[in-house]
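Asks: structure for the following, please:
(one chain, ligands or ions: 1)
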Amino acid sequence: MTRRPQCIRWDDYFMGTAILAGKRQKDSNSMLQIGSCIVSPDGKIVVGVGHHTVIDGFDSSCPDYWCHAISNAMVWANRHNLNDCILYTVTYPCNKCAQLIIQSRMSHVHYMNKWQCDGSETTYSQKLLSEAGISCREYLPMKDIEIDFRRMDPALFDGSSALSKL
Ligand SMILES: Nc1ccn([C@H]2C[C@H](O)[C@@H](COP(=O)(O)O)O2)c(=O)n1
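Replies: Numbering: from 1, shown residues only. Purely as a prediction, here's the structure:
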C-alpha cells in the first residue's frame, strides 16, 4: 500500500471533529466557536460531540447562560458510560467541566488552546485534573484538514446547489 500524503492521523481526525462541532455555534456576538469530541477508549469511535452554545431557551446576555462544549458533548453522548474515554477539546477545560470529566471517569484530555489555562475559569481545573490522574496534553496538529465540498461532487458546480452561487 502506498500511503496517501493527505491521509490524516486519528488525532487530527478527532480534533478536526471537535473543531467542526464548534462551527455550530451561531451567536455572532460570541468570538468562541468551541467544540469537543469524546472518543472511545480504543480511540476509534466518536462517542459524542458538543459545541459551546447558549442554554436552550435562554439568551446570550450572561456567561452563566452558556453551556460549554465539553458538557454538551457529555450530554449528547450516545452512551452513558464514559469510563476511560478520551476527550478532544478546542479549549482547556474550565473548573466545572473538569469536575464532570473526573466524575465521568474519562482518562485523557487533548486540548488545543493553552491560553485558556490562564483565566479564572480554569484556576482549579489543572489541579483537579492532575490530582485525579487524568492525563492532559496539548494537541499538536500534523496536517491541515480541508473540506472542499465542490471537489467531492462536480454536480455542486451545476447551479443546483447553493454552493455554486458563492
Ligand atoms: N451533538 C450535539 C447535539 C446538540 N447539542 C446542543 C446544542 C444546543 O443546546 C442544542 C441545539 O443545537 P443547535 O441546533 O442550536 O446548534 O443541542 C450539542 O451541543 N451537540
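
Asks: got the contact list for residue 34?
Replies: Counting by Cβ atoms under 8 Å, 6 or more residues apart in numbering, residue 34 makes contact with 22, 25, 51-52, 68-69, 89-91. C-beta here means a position set from N, CA and C on the backbone, and glycine is covered the same way.

Asks: also residue 26?
Replies: Residue 26 sits next to residue 53 when contact means Cβ under 8 Å, 6+ apart.

Asks: count of neighbours near residue 105?
Replies: Burial of residue 105 is recorded as 13 neighbouring residues (other Cβ atoms under 10 Å).

Asks: what number of residues lie near the residue lying closest to it once chain neighbours are set aside?
Replies: Computed as Cβ to Cβ, 6 or more residues apart in numbering, the closest residue to residue 105 that is not its neighbour in sequence is residue 83, at 4.6 Å. Neighbour count for residue 83, taken as other Cβ under 10 Å: 11.

Asks: state the distance from whichever residue of the chain sits closest to the ligand to residue 53.
Replies: Per Cβ to the nearest ligand atom, the residue of the chain with the smallest distance to the ligand is residue 72, at 3.2 Å. Taking Cβ to Cβ, to the nearest Å as the criterion, residue 72 is separated from residue 53 by 7 Å.

Asks: for this structure, which segments count as helices?
Replies: Assigned by DSSP state H, the chain shows helices spanning 10-22, 69-75, 95-104, 125-131, 149-152.
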